[in-house]
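Colleague: what shape does this take:
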Amino acid sequence: MTRPRFTLTIPELEAVLLVAETRNFRMAAQHAHVSQPALSRRVQAAEQKLNAKLFDRDKHGVALTDAGTELVPIAQRMLSEFRDSLSDLSEFIAGRRGSVNIWALPSVAAALLPAAAQALRQSHPQVRLVIQAASARQVTQAVAEGKADLGISIEITGQPADVAFAALLKEQFVLICPVDDPLARRKRADWSVFADRPFVASGPASSIRVVTDRILAASGRAPDANYVADNISVVGAMVAAGVGIAAVPQLALRLMDTTRLQSVALHSPVATREIGILVRKRRSLSAAAQRFMAALQQVSSGIINEK
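Modeller: Numbering: from 1, shown residues only. Okay, the predicted model is just below:
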């Protein structure tokens, strides 16, 4: 059996409910802030679409028909759901609700995102954050493909033209060694120390490796990497065990057990890694994503100096 196809508008549903509530077309029109003829036309339009009379009218007043009685709870539910949906939409547009997909370098995710998430939670507790830790190239690709609303990473070589990079902070590289190593007593060290000691390198896909390879190659004393680990926490564990030393950015220390490690400033040259926010050009960010960006910028300025 084919069901009838009709669509009642919101004003028509509201008109039916107002007449059902007041049992008076004049009073219903006043509540709707329209003229009585206009309200009557809305009720008539609903009756025509339903092919059913909704109200009986006589000199004693207005009464619901059986069809009208059946429609009232349905109309109430439809209007309630519509208003709830509008309320949800309003919350989303205002940035108080929604989901933000964030791809970030592991060290950045550990160092910046918890504080930014906590700052956002204070004012926008209904915003949901979905965080994916990945390599710099993966972060950039996720932004370019629309998988990520925001990326937090470095600006890679061959950055896609449709991905914009906005600088967030610069972090310096430090040497890490065991706490009982002679290097641990220094206030700073030259990059030349890596030529004479076993070297623990980050994986070739790491943004850390890009910086260390460039500086060590330029010095003419690039060591062979005695150990290579894709996971930065493994790099820290290898160094803590005394098998070698490493150069890492400051934020990477957040991913390590530093109880058996000492970090020493590196100079000649001072090496930095610039972290920024990646977004896709010509793609409008949701209000929730914009709120998170503001929280991230707020907490990033002093994060390097906490340690």
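
Colleague: which one in the chain is furthest away from the centre?
Modeller: Farthest-out residue of the chain from its mean C-alpha position, per CA atoms, centre = their mean: residue 59, at 62.1 Å.

Colleague: list phi and psi for it.
Modeller: Residue 59 has phi and psi values of phi -70, psi -20 when expressed as degrees, to the nearest 10.

Colleague: kindly report the same for residue 171.
Modeller: phi -120, psi 140.

Colleague: show the contacting residues for it.
Modeller: 249, 250, 251, 272, 273, 275, 304 (CB atoms under 8 Å, 6 or more residues apart in numbering). No exception for glycine: its C-beta is placed from N, CA and C like everyone else's.

Colleague: recalculate using a threshold of 10 Å.
Modeller: By CB atoms under 10 Å, 6 or more residues apart in numbering, the residues touching residue 171 are 107-108, 111, 248-253, 271-275, 303-304.

Colleague: separate out the buried members of these.
Modeller: Listed as buried from these are 107-108, 111, 248-253, 271, 273, 275, 303-304; burial here means 16 or more other CB atoms under 10 Å.

Colleague: so which helix or strand takes in residue 265?
Modeller: Assigned by DSSP states H and E, residue 265 belongs to strand 261-267.

Colleague: in its sheet, which strands sit next to that strand, and in what direction?
Modeller: strand 163-178 (antiparallel), strand 188-190 (parallel) (DSSP bridges).

Colleague: I'd like the next helix or strand past that strand.
Modeller: strand 272-280.

Colleague: give the other helices and strands that that following strand contacts.
Modeller: Applying 3 or more CB pairs under 10 Å, 6 or more residues apart in numbering; DSSP states H and E, we find strand 272-280 packed against strand 97-104, helix 106-111, helix 136-144, strand 150-153, strand 163-178, helix 207-219, strand 246-249, helix 287-300.

Colleague: go again using 6 Å as the cut-off
Modeller: Under the contact definition 3 or more CB pairs under 6 Å, 6 or more residues apart in numbering; DSSP states H and E, strand 272-280 sits against strand 150-153, strand 163-178.

Colleague: with adjacent residues omitted, what lies nearest to residue 119?
Modeller: Excluding the flanking residues, the one nearest residue 119 by CB to CB, 6 or more residues apart in numbering is residue 295, at 4.2 Å.

Colleague: so that neighbour touches residue 118, yeah?
Modeller: No - counting by CB atoms under 6 Å, residue 295 sits too far from residue 118 to count as a contact (8.6 Å).

Colleague: what about the two, which has more around it?
Modeller: Neighbour count, other CB atoms under 10 Å: between residue 295 and residue 118, residue 295 has more, with 23 against 11.

Colleague: show me the shaky parts of the stretch 51-200 of the chain.
Modeller: 87-97 (pLDDT under 70).

Colleague: just the pLDDT for residue 222.
Modeller: Note for residue 222: predicted pLDDT of 61.

Colleague: how about the one 5 residues further on?
Modeller: pLDDT, the model's per-residue confidence, is 90 for residue 227.

Colleague: over to the one 3 residues further on?
Modeller: Per-residue confidence (pLDDT) for residue 230: 88.
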